[in-house]
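J.: pasting the sequence and the predicted coordinates here, then a few questions.
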Amino acid sequence: MADSASIQKAVKDALVLADNQIDVLFNNAAFGQPGAVEDLSREVLKFQFETNVFGTHELTNLLIPIMRKQGHGRIIYNSSVLGLVAMTYRGAYNASKFALEGLADTLRLELHGSNISVSLIEPGPILSNFRQNSFALYKKNIAAADSFHKGTYKAMEERLQKEGAAVPFTLPAKAVTDKVVHAVESDCPKIRYYVTFPTYLFAFLKRILPNSWLDNLLRRV
């Protein structure tokens, strides 16, 4: 998704295979760059956005005219609980998902009356290779030995290398696909689909807690 040429080629190929009709777009391209905000270079942060935001945005914009022409469509974004609240040492990923949420919310308002719906999936801890990929990027892009945060990084490294579920309430990928199916098939798709318990919890706490209380809680997660 960081390569514009590959995105454009994929759209052209998909239109040929689908006889020029695209009913559903599920935006699921993303990775997570770990590291403290002060340890993220401009280049590293930019690359995080190239895939998670800019590539997704380009692909969506290429397909909207197709959906407008055919008179219907479903656009689904795979966001994150970290698009609702920020957690430490995930600043690049937090920022990309907050940006994605803003684009999706705005697009939904602008597509009103077009018969094109926009939904956000809000997962949380899901079994995948996400942590393994994040650890590789951490080793490549973060100078941990020279960082003020090097002591904290040790615990983060252990979590990223842990096999299986690293945190409670982790669900299999099917928990996400079930929500995607509803967003595709429902006559009235939801704007947001929460998936795991942490997503439901933090969405609720964000509504009711003072910001300082929520910060105290998030620092301990």
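T.: Great, that's in hand.

J.: OK, contacts around Asn20?
T.: Counting by Cβ atoms under 8 Å, 6 or more residues apart in numbering, Asn20 touches Ile66. Using the backbone N, CA and C atoms, a C-beta is placed for each residue, glycine as well.

J.: pLDDT weak spots in the chain?
T.: Applying pLDDT under 70 to the chain flags no residue at all.

J.: where do the helices sit along it?
T.: With DSSP state H, the ranges of helices along the chain come out as 4-17, 42-49, 56-70, 91-110, 130-141, 150-161, 174-185, 197-208, 211-220.

J.: just say which of these is most tucked in.
T.: Counting by mean count of other Cβ atoms under 10 Å, helix 91-110 has the highest mean neighbour count of the helices of the chain, with a mean of 18.

J.: if we can go back for a sec, just put the helices of the chain in TSV and tack on distance to Gly35.
T.: Formatted as TSV, these follow (distance: least, Cβ to Cβ, whole Å):
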stretch	distance to Gly35
helix 4-17	26
helix 42-49	8
helix 56-70	22
helix 91-110	7
helix 130-141	6
helix 150-161	8
helix 174-185	25
helix 197-208	21
helix 211-220	17
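
J.: pick out the residue closest to the middle of this protein.
T.: Taking Cα atoms, centre = their mean, the centroid of the chain lies closest to Ser79, which sits 3.2 Å from it.

J.: what's the closest non-adjacent residue to it?
T.: Leaving aside its chain neighbours, Ser79 sits nearest to Leu120 (4.8 Å; criterion: Cβ to Cβ, 6 or more residues apart in numbering).

J.: and Ala173, by the same measure?
T.: With Cβ to Cβ, 6+ apart, the residue lying closest to Ala173 is Ile126, at 6.0 Å.

J.: my guess is that neighbour meets Val195, correct?
T.: Yes: between Ile126 and Val195 a contact is recorded at 7.4 Å, counting by Cβ atoms under 8 Å.

J.: which neighbours do the two share?
T.: Taking Cβ under 8 Å, 6+ apart as the criterion, Ile126 and Val195 both touch 171, 175-176.

J.: quick one, what contacts Val37?
T.: Gly91.

J.: ends of stretch 120-134, how far apart?
T.: Length of stretch 120-134, first residue to last, Cα to Cα, to the nearest Å: 23 Å.

J.: distance from it to the middle of the chain?
T.: On the basis of Cα atoms, centre = their mean, to the nearest Å, stretch 120-134 sits 9 Å off its chain's mean C-alpha point.

J.: what of stretch 90-102?
T.: Mean-position distance between stretch 90-102 and its chain equals 7 Å (Cα atoms, centre = their mean).

J.: dump that stretch to PDB, restricted to CA.
T.: The C-alpha atoms that make up stretch 90-102 are tabulated as PDB, following Å, rounded to 0.1, in the frame of the first residue of the first chain:
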ATOM      1  CA  ARG A  90       2.700   3.000  19.800                       C
ATOM      2  CA  GLY A  91       2.600   6.600  18.700                       C
ATOM      3  CA  ALA A  92       3.100   6.000  15.000                       C
ATOM      4  CA  TYR A  93       0.400   3.400  14.800                       C
ATOM      5  CA  ASN A  94      -1.900   5.500  17.100                       C
ATOM      6  CA  ALA A  95      -1.500   8.500  14.900                       C
ATOM      7  CA  SER A  96      -2.200   6.600  11.700                       C
ATOM      8  CA  LYS A  97      -5.400   5.100  13.100                       C
ATOM      9  CA  PHE A  98      -6.600   8.400  14.500                       C
ATOM     10  CA  ALA A  99      -6.000   9.800  11.000                       C
ATOM     11  CA  LEU A 100      -7.900   7.000   9.300                       C
ATOM     12  CA  GLU A 101     -10.800   7.400  11.700                       C
ATOM     13  CA  GLY A 102     -11.000  11.100  10.700                       C
END
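
J.: thank you kindly, that will do.
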